[in-house]
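Peer 1: can you look at this prediction? I've put the sequence above it.
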Number of protein chains: 2
Amino acid sequence: MTDDDALTALSAMAHKARLQVVRLLVQSGADGLNAGQIAQALGTSPSAMSFHLSALRDAKLIKSTRHARQIVYSVDFDAMGGLLGYLLHDCCGGNARVASCC
Amino acid sequence: MTDDDALTALSAMAHKARLQVVRLLVQSGADGLNAGQIAQALGTSPSAMSFHLSALRDAKLIKSTRHARQIVYSVDFDAMGGLLGYLLHDCCGGNARVASCC
DNA sequence: CCTCCATTTCAATAATCGTTGAAATAATGA
DNA sequence: TCATTATTTCAACGATTATTGAAATGGAGG
């Protein structure tokens, strides 16, 4: 993961609605949820949600697959781990006090 | 750590210069560096750096103490660990694949 | 007290991001 | 093909964030 990748991922996470999306998708695991379900669950308009989902997908934190008419989103757990690993190792030098959170 | 705290911290980290500041301060450990040294090391104007340092301090990721005329900044390692802990546990439900980064 | 140095604050501007609602695309089934 | 549903895209606007340079603050020493 490059610095730019990390910055894109951090920016993507740095928004209330998008953080909620991640939580929701983590809960729903590998099955994921489609765009409409996500928008409804979080009380956001489809259009606004599409914008946020694109941000998270551009950051590679979530992935999408079309299932008939709907587009199903799910968390990329490895990418999420990659971000945490970057923060801990590349950014905080693996500092023991930082690592003690895990 | 509340959701708002996490969002503030993520926003603070989501900027190239501020990520560099964190790296620099992690390297300099408990001693820290003063504002001028940080600005010079990263090739930023004192005024711009002050803006970024304030963002990081408001997010409680770094702390500052005045030493005579200079203001010394250092990383709050516990806060940094708190952010990672939040991301892993509150946001990613402690998912094993996410946690495997640490 | 005056000057110097380090840093912050401020106002103005530029750039980026987020929201809205309407229109476009894509897939399904009658 | 046509109507329907799901989602995205687009343009416009408003809001937030970043940068710049000048002015203000706070502390040290002569």
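Peer 2: In hand now; what should we look at?
Peer 1: can you pull out the strands in chain A?
Peer 2: A:33-34, A:62-67, A:70-75 (DSSP state E).
Peer 1: residues in chain A within reach of chain B, list them.
Peer 2: A:3, A:6-7, A:10-11, A:13-16, A:19, A:22-23, A:26-27, A:75, A:77-78, A:80-85, A:87-88, A:91-93, A:95, A:97-102 (C-beta under 8 Å from any C-beta of the partner chain). C-beta: built from backbone N, CA, C; applies to glycine.
Peer 1: buried subset of those residues, written for ChimeraX?
Peer 2: To isolate the buried ones among the residues of chain A next to chain B in ChimeraX, judged by 16 or more other C-beta atoms under 10 Å in any protein chain shown, type:
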select /A:6,7,10,11,13,14,15,19,22,23,26,75,77,80,81,82,83,84,85,87,88,91,92,95,98,99,101,102
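Peer 1: from the residues of chain A next to chain B, which are also near DNA strand C?
Peer 2: A:S11, A:H15 (C-beta under 7 Å from any atom of the strand).
Peer 1: center of chain A, which residue is that?
Peer 2: For chain A, A:L61 is the residue whose C-alpha lies nearest the centre (C-alpha atoms, centre = their mean; 3.9 Å).
Peer 1: quick check: closest non-adjacent residue to that one.
Peer 2: A:A79 (5.4 Å; C-beta to C-beta, 6 or more residues apart in numbering or on different chains).
Peer 1: what is the burial count for the one you found?
Peer 2: 20 (other C-beta atoms under 10 Å in any protein chain shown).
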